[in-house]
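Student: Give the three-dimensional model of this entry:
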Amino acid sequence: METDVPAVAIPVYMIMGERDFWLVQARRYFDRLEAPEKKMFVIHDAGHIVRGDKPEEVEKILFSVIGSTAR
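Tutor: Numbering: from 1, shown residues only. This is a model prediction of the structure:
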């Protein structure tokens, strides 16, 4: 996975749950990924299905943080 797409020409935003089994691998990939802008959000006490565990926090990120950069 980490070598399949080493760089992209678009912003990358990852929203992960702190209890997600894939968080360690996702962070490793995120750290190596080259992108013009990138941000990782780790939501406390959420698992793999972050939107199901913490929908309000996901929406807050989508609308206030990411939405403010999409102009």
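Student: For stretch 26-44, measure first residue to last.
Tutor: Its start and end residues considered, stretch 26-44 measures 16 Å (Cα to Cα, to the nearest Å).
Student: ok, now stretch 40-58?
Tutor: The distance separating the two terminal residues of stretch 40-58, taken as Cα to Cα, comes to 12 Å.
Student: buried residues in it?
Tutor: By neighbour count, with 16 or more other Cβ atoms under 10 Å as the criterion, the buried positions of stretch 40-58 are F41, V42, I43, A46, G47, V50, D53, K54, E57, V58. (Glycine included, C-beta is placed from N, CA and C.)
Student: Pull the distance from it to the chain's centre.
Tutor: Taking the mean of its C-alpha atoms, stretch 40-58 sits 10 Å from the chain's own mean (Cα atoms, centre = their mean, to the nearest Å).
Student: Now stretch 46-60: average pLDDT?
Tutor: Per-residue pLDDT values across stretch 46-60 average out to 95.
Student: Name the surrounding residues that touch it.
Tutor: Taking contacts as Cβ atoms under 8 Å, 6 or more residues apart in numbering, the residues outside stretch 46-60 that touch it are I15, M16, G17, E18, R19, D20, F21, W22, I43, D45.
Student: which one of the residues you listed sits closest to F63?
Tutor: I15 (12.4 Å; Cβ to Cβ).
Student: That closest one - that's part of a strand, no?
Tutor: Yes. Secondary structure of I15, determined by DSSP: H, G, I helix; E, B strand; the rest coil: located in a strand.
Student: ok, now which ones touch the residue lying closest to it once chain neighbours are set aside?
Tutor: Computed as Cβ to Cβ, 6 or more residues apart in numbering, the closest residue to I15 that is not its neighbour in sequence is F41, at 4.8 Å. The neighbours of F41, taking Cβ under 8 Å, 6+ apart as the test, are Y13, M14, I15, M16, I61, V65.
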